[in-house]
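Undergrad: Structure for the following, please:
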Amino acid sequence: MCQALRLFCGLVATLLIMMHPAMAKDSRMEAKLDTAFAAGELSGLHSVLVIHKGSVIAERHYPGDDQRWGTPLGEIKHNKDSLHDLRSVTKSITSLLYGIALSESIVPGLDESLIQQFPEYADLTGDQQRSRIRIRHALSMKMGTEWNEDLPYSDPRNSEIAMEQASDRYRFVLDRPMVNEPGDWWTYNGGATALIGKLIAKGAGVPVDVYARRRLFTPLGIKEFEWVAGTDGVPSVASGLRMNIHDLARIGRLVLDKGVWQGKQIVPADWLDVSFTPHAKLRDGLRYGLFWWLGPEGTPPYWVAGFGNGGQRLMISPANKLIVVVFAGNYNQADAWKLPVKIITEFALPAVLQR
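TA: Numbers count the residues shown, from 1 in each chain. I've put the predicted structure just below:
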């Protein structure tokens, strides 16, 4: 994150306020995307889908090298049905699943002790500071424990990679040294998501991917997906979900409609309200909710989003009925965020403003 991203956040907020309703597909935007891709200006781009007021106004797919959770797949001719890594957009979907599970009373409430949900690690409960970590601290990534995902995900010293290589991922996450009081400091932490995923699976009595199929994906008409698991067979709720672009857009539409799909409440509306309430204000100007990134302005935020390694993006503006989905292959590149930012600010928003 940097000054450029802070400026982007302000630009998006301003443009979203100014938008007018969209009507039909915009061939000019699609042509502009094609021209820019051919000129090498959208390096790594795989797919783009822009939906405004319920209408698809642009959709484009391009060939490019891809991966399946770090394993090279070679060149893929991406299309509307191609499964694609969501990487950390998976976290945002995990948040939706926790909200569903909470409404079913199978997971603990936000103010309950986190460590107390893992009695198998009784030796850790004697640490008074650690015992003050609440469920909400895990969901908002303010656990106060040592964690470092600033290193590339190809580096075994990256905390998420170290967790995947640990003999017991949950102990690895829970026994990290305490470096801050819980709730005081935000640190990006895929391990926190792993703990939340474990609570969902424990409460549901089935693996998280099975629960997701039953309670979220099938109700939305999502038939094909893959949830990649680690060597221990546990689906990675931090980064392992693979979906096609239209199915991810269904998730966006569900959010726009306050958790309702075809007249049925799938995710509680009050959970979405809590998820999109800022729990942390970050140095780059962004805010963070419960596994969702939030725009720097507005109550509720002008936009909410799931971000993923390599340039994956699900951006939703509830106030303006706008969904932008970007799939890309710039994995482990520090500036991978620039591509979805470019798509949103130079292609999607200007096209909508001109309608």
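Undergrad: how deep is the residue lying closest to residue 155 once chain neighbours are set aside tucked in, by neighbour count?
TA: Leaving aside its chain neighbours, residue 155 sits nearest to residue 161 (6.7 Å; criterion: C-beta to C-beta, 6 or more residues apart in numbering). (Each C-beta comes from the backbone N, C-alpha and C, glycine too.) By the criterion of other C-beta atoms under 10 Å, residue 161 has 18 neighbours.
Undergrad: Test my guess that residue 161 contacts residue 153.
TA: Yes: if you go by C-beta atoms under 8 Å, residue 161 and residue 153 touch, sitting 6.1 Å apart.
Undergrad: Flag the shaky bits of the stretch 201-350 of the chain, pLDDT-wise.
TA: Within the stretch 201-350 of the chain, no range satisfies pLDDT under 70.
Undergrad: hey, where'd the helices end up in it?
TA: Here the stretch 201-350 of the chain has its helices, by DSSP state H, counting those that start in this stretch, at 208-212, 245-256, 269-275, 338-342, 349-353.
Undergrad: which residues sit against the third one?
TA: By that I understand helix 269-275. Applying C-beta atoms under 8 Å, 6 or more residues apart in numbering, the contact partners of helix 269-275 are 95-96, 98-100, 102-103, 110, 255, 258-260, 289-292, 300.
Undergrad: Try it again at 6 Å.
TA: Residues outside helix 269-275 that contact it (C-beta atoms under 6 Å, 6 or more residues apart in numbering) are 95, 99, 258, 259, 289, 290, 292.
Undergrad: Just the buried subset of these, please.
TA: 95, 99, 259, 289, 290, 292 (16 or more other C-beta atoms under 10 Å).
Undergrad: Switch those residues over to a markdown table; also include distance to residue 281.
TA: Shown next, in a markdown table, are these (distance: C-beta to C-beta, whole Å):
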| residue | distance to residue 281 |
| --- | --- |
| 95 | 19 |
| 99 | 22 |
| 259 | 25 |
| 289 | 11 |
| 290 | 15 |
| 292 | 14 |
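Undergrad: circling back: any idea which of the contacts of helix 269-275 is closest to residue 230?
TA: residue 95 (20.2 Å; C-beta to C-beta).
Undergrad: any idea what sits nearest the closest one, other than its immediate chain neighbours?
TA: Using C-beta to C-beta, 6+ apart, the nearest residue to residue 95 is residue 291, at 3.7 Å.
Undergrad: What about the one you found, how many residues nearby?
TA: There are 27 residues near residue 291, going by other C-beta under 10 Å.
Undergrad: Look up how far residue 45 lies from it.
TA: 25 Å (C-beta to C-beta, to the nearest Å).
Undergrad: which residues does residue 69 contact?
TA: 228, 240 are the contacts of residue 69 under C-beta under 6 Å, 6+ apart.
Undergrad: swap that for residue 248, please
TA: Contacts of residue 248 by C-beta under 6 Å, 6+ apart are 314, 325.
Undergrad: From residue 309, how far out is the spatially most central residue of the chain?
TA: Note on the chain: the residue nearest the mean C-alpha position is residue 89, at 2.4 Å, using C-alpha atoms, centre = their mean. To residue 309, residue 89 is 10 Å away according to C-beta to C-beta.
Undergrad: That's all I had, so thanks and see you.
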